[in-house]
Each structure stands twice: as structure tokens, then as C-alpha cells.
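1. Sequence and computational prediction follow.
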Amino acid sequence: MLRKIAALTGLLVFCAGVAHADEEKPTWKAPFGGTFTAGATFATDYSYRGISQTQRQIAIQPAFTYETPAVSEAVPLSAYVGAWGSNVYFGNTNPTIAEVDLIAGLRLKALEGKLTGDLGYIRYNYLGAPSDLFYDFNEFGLVLGYDFGVVQVQGAVRYSPNFFANSGNAWYKWGQVTVPIPYTFNENFAFKIYGAVGNQYVERFTNYGIGNNNYWDWQIGFTATVYGVDLTIAYIDTNLDVPYCGNTMNCDARAVFTISKTF
């Protein structure tokens, strides 16, 4: 059965939605000197690693994260925990209604924030899914990035010892380049373009619902930040044809529009 699909980015380490380079976002003061971050996204499709999790229908995705203060100026390392959610739709005969991801990890911001690192854990949970489908799974990931000013680069490696639907070992390798656009109307407007490519390997790929043990996904997007609201339009595609995608169009090329706000 196709992994109809559940981040890094998306919200910080999550692998959901359109990924963005690390940015300063609004935060709330929290206990022990830490901060809370909350956000919400509306998307015309929930695309996870190029495959639609909502059969190309809309998704609502809330998120919440707590992050500790850095250890010190000399050791700019913090820890975080959080949660991310989205509605999912795997077809009329499948009762799964939502995905809720629990996250935890360590985050590094060095060289005045130009060098970033994220060593994280994600627990994917699927509400309403029958237990014998074994949808829930664990994933570990490392994300590294560097901001050169005129361009931001990121790369990630993610590993699951038993991926979605009991599909065995899985590896995801991903890279992204983001270019800020210097032109702006005023301080309340910002623009950028980005491109990303990834490769997903799945050991028992027939359990996952694809026709090969690996596939490629890619996207090209444009983001306009207007008064703190991110508006993104992205072209998303994979190299999986309909027969290799559970006989669905969930892997086909499409345009996805998202509206995101961090509170």
C-alpha cells in the first residue's frame, strides 16, 4: 500500500510540505529560559517526498515546538521537542484521518547563525489507521545548512529502521538551494526562490506501494513573505509513473500552493 504519506522540513526538522532555509520566526517566552513557536499551514495538497498524502486535496497543518536556550555563546547548541499534524486521505476504503508527528532533537547555530545543524527524531503516528497495517514508524535525521548570503544550501540524510507499512529499512537523501531575491517594496516584504531534489530508498518497496526500491523527487518554488505570512507556489514531481505509484496519480507533476504563518 502506498505510503500516502506523512517533514525538514517543513516545520524545522519536519519532512512535510515545502522546505525552507532556516529563518528567524516569532517566538514566545517559555519555562526554563526557552521559547515556544507555533504555526499553521494551509496547502492545496499534502506532498511528502513528492507523493500526495491527500490525493491532491487540501490539507491543514498545525505545528508547535519548545526549544531550550543555547548551552552558551561558546556552545550554541539547543534542544527541542514538538508536534506537527495534518489531515490525510488514503482513499474511501481507508479509515486513516490524520497524521500526528512527535519530534525531538538537538539544534546547532554557529558562526553567527550561518552554519546550522539539526540532529532529530520523528515519531509518525496515523490516527484511525488499523493496527495491522503498521503505518506508524520512527525516523532519525541529520540536516546541515550554510547561509552564504547570496545563496543558502541545505542537505539532509534520514533513516528509518522500519518504514511506513512495515516496509523495512529506508533512507532519504535530500538537498536544497535557496536564493533570496534582493528586491523588496519595504521591510514587510521578502522574496526567494528555491530548488530541491531527494532520493527515497525503501527495502520492501512493494509494502510501500511503489514499483522500485528507490525513486527521485524534486521541486522548484517561489516564496513571498508578506507581513509575516509565507505564500509559496511550488512545482513538484517524481520519476514514478502511475503503474509504479499504486496505480494512482499521487506521484505525478503538480503545482502546490501553501499559506503559512508562525505565531
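-> Noted; the coordinates are in hand.
2. okay, CA-based contacts and neighbour counts for the rest of this
-> Will do.
3. my guess is residue 256 meets residue 235, correct?
-> Yes: counting by Cα atoms under 8 Å, residue 256 touches residue 235, with 6.5 Å between them.
4. the more surrounded of the two?
-> residue 256 (22 against 16; other Cα atoms under 10 Å).
5. so which strand or helix has the more buried one?
-> Applying DSSP states H and E as the criterion places residue 256 in strand 254-262.
6. same question, residue 142
-> Using DSSP H and E, residue 142 falls in strand 137-147.
7. Show me which residues of stretch 48-62 are buried.
-> 48-56, 58-62 (16 or more other Cα atoms under 10 Å).
8. Can you show me the CA trace of it as PDB?
-> Provided in PDB are the C-alpha atoms of stretch 48-62 (Å, rounded to 0.1, in the frame of the first residue of the first chain):
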ATOM      1  CA  TYR A  48       5.600  14.200   1.300                       C
ATOM      2  CA  ARG A  49       8.700  13.500  -0.700                       C
ATOM      3  CA  GLY A  50       6.900  14.100  -3.900                       C
ATOM      4  CA  ILE A  51       3.900  11.900  -3.200                       C
ATOM      5  CA  SER A  52       0.400  13.300  -2.300                       C
ATOM      6  CA  GLN A  53      -0.900  12.200   1.100                       C
ATOM      7  CA  THR A  54      -4.400  13.700   0.400                       C
ATOM      8  CA  GLN A  55      -4.900  12.500  -3.100                       C
ATOM      9  CA  ARG A  56      -4.200  16.100  -4.300                       C
ATOM     10  CA  GLN A  57      -6.700  17.600  -2.000                       C
ATOM     11  CA  ILE A  58      -6.300  20.400   0.600                       C
ATOM     12  CA  ALA A  59      -4.500  20.000   3.900                       C
ATOM     13  CA  ILE A  60      -4.500  21.900   7.200                       C
ATOM     14  CA  GLN A  61      -1.200  21.600   9.200                       C
ATOM     15  CA  PRO A  62      -0.700  23.000  12.700                       C
END
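9. How far does it sit from its chain's centre?
-> The chain centroid and the centroid of stretch 48-62 are separated by 11 Å, computed with Cα atoms, centre = their mean, to the nearest Å.
10. now do stretch 144-159
-> The answer for stretch 144-159 is 14 Å, by Cα atoms, centre = their mean.
11. quick one: which of the buried residues of stretch 48-62 sit in strands?
-> Judged by DSSP state E, the subset of the buried residues of stretch 48-62 located in strands is 48, 51-52, 59-62.
12. now those as a markdown table including pLDDT and distance to residue 82?
-> Output for these, formatted as a markdown table (pLDDT from 0 to 100; distance: Cα to Cα, whole Å):
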| residue | pLDDT | distance to residue 82 |
| --- | --- | --- |
| 48 | 98 | 19 |
| 51 | 98 | 24 |
| 52 | 98 | 24 |
| 59 | 98 | 19 |
| 60 | 98 | 17 |
| 61 | 98 | 13 |
| 62 | 98 | 11 |
